[in-house]
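Trainee: Structure for this input, please:
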Amino acid sequence: MKKVLFLALALGSFTFSSCDSKKEDAQEQVGENVKEAGEAKADAMEDKADAVRDSADAKGEAIQDNADKMDAAGTTTTTTEVKK
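Mentor: Residues are numbered from 1 along each chain as shown. Alright, predicted model coming up:
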């Protein structure tokens, strides 16, 4: 069944492709190239955004880790003072 469906689709695509002119095919290719270039640019922008986000996350984590160390040092001192 799948083979028959595939053959029918292939035959149908040949029928439609034979109606296209070379000028139409060229214009379709130009349109496809524009879409691909847009996708590539969007992907590059997403990569840059990810890098900025990752950098901000790393800096934020480092600041939080430093704050945790300060808090731990302060808690130890307070606990020691209470025990005395």
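
Trainee: Give me the below-cutoff pLDDT ranges for this structure.
Mentor: Within the chain, the segments meeting pLDDT under 70 span 1-2, 5-6, 14-19, 74-84.

Trainee: which one's the longest helix in it?
Mentor: Ranked by residue count, the top helix of the chain under DSSP state H comes out as helix 22-83.

Trainee: tally of neighbours for Val52?
Mentor: Val52: 10 surrounding residues under other Cβ atoms under 10 Å. C-betas here are computed from N, CA, C, even on glycine.

Trainee: ugh, typo on my part, it should be Gln27
Mentor: Here the neighbour count serves as a burial measure; for Gln27 (other Cβ under 10 Å) it reads 12.

Trainee: rewinding a little: so what's the gap between the longest helix of the chain and the chain middle?
Mentor: Here the centre of mass of C-alpha atoms in helix 22-83, compared against the chain's by Cα atoms, centre = their mean, to the nearest Å, lies 11 Å away.

Trainee: Next one: the nearest residue to Glu28 once chain neighbours are set aside from Ala10, what distance?
Mentor: Taking Cβ to Cβ, 6 or more residues apart in numbering, and ignoring the residues beside it in sequence, Glu28 has Asp20 as its nearest neighbour in space, at 7.8 Å. For Asp20, the distance to Ala10 equals 16 Å [Cβ to Cβ, to the nearest Å].

Trainee: Then Glu32?
Mentor: When distances are taken as Cβ to Cβ, Glu32 and Ala10 turn out to be 21 Å apart.

Trainee: now do Glu39
Mentor: 27 Å.

Trainee: Can you classify Asp20 as helix, strand or coil?
Mentor: Remark: Asp20 carries the secondary structure label coil [criterion: DSSP: H, G, I helix; E, B strand; the rest coil].

Trainee: count of residues packed around it?
Mentor: Other residues near Asp20 come to 12 when the count uses other Cβ under 10 Å.

Trainee: ok, now Ala62?
Mentor: Neighbour count for Ala62, taken as other Cβ under 10 Å: 10.

Trainee: now Leu9
Mentor: Neighbours of Leu9 under the rule other Cβ under 10 Å: 10.
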